[in-house]
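# predicted coordinates and the sequence they were generated for:
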Amino acid sequence: ADVNQLVRCRVDRLLPNVRAEEIIGNEPLDIQVDLVADGNVICSAHSSQSIFDPSPDEGLFRPQHFVFALKVRDLPRACSFVVRVRAQGPLDGVYRGVLPLFNRRAVMRQGRQILAIVREPDGQDGGG
């Protein structure tokens, strides 16, 4: 990655497909991505309630691009994307996943990453 570029991420699919259809349903998703370091939210970005296909093809939906006002070179080694998906379909609720940006050898993760999301207990949809 070019260390002078802004930090970015893209969210474009939920897996497995059956679960994606249950979560998405016919309603738009609200996606929030927080850039977190040392337990503190550095930057936060939200989707603009996308228009979703009522029957998502293999869990795909209109890609959501998130750009943060921070350059790659300024990232601390211990930072993560915290992704929250707020669903309003049949399985409404908040689903959350954490993706560390660097591996144990301090190499930045690049390319497509798979992130497991789990439903947050009710009342736990707050920050970082």
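Yes, it's here.
# any idea how many residues pack against the nearest residue to residue 72 once chain neighbours are set aside?
In this structure, residue 72 finds its nearest non-sequential neighbour in residue 3, 4.9 Å apart by C-beta to C-beta, 6 or more residues apart in numbering. Backbone N, C-alpha and C define where each C-beta goes, glycine included. Counted by other C-beta atoms under 10 Å, the residues lying close to residue 3 total 10.
# need the contact list for residue 3.
With contacts defined as C-beta atoms under 8 Å, 6 or more residues apart in numbering, the neighbours of residue 3 are 71-73.
# ok, these vs residue 117, which is closest?
Each of these was scored against residue 117 by C-beta to C-beta, and residue 72 proved nearest at 24.4 Å.
# quick one: the closest one and residue 109 touch, right?
No: taking C-beta atoms under 8 Å as the definition, residue 72 is not a contact partner of residue 109, at 11.7 Å.
# neighbour count: those two, which is higher?
Regarding residue 72 and residue 109, a neighbour count based on other C-beta under 10 Å identifies residue 72 as having more, with 16 against 13.
# phi and psi next, for the more buried one.
Comment: the main-chain dihedrals of residue 72 come out as phi -50, psi -40, following degrees, to the nearest 10.
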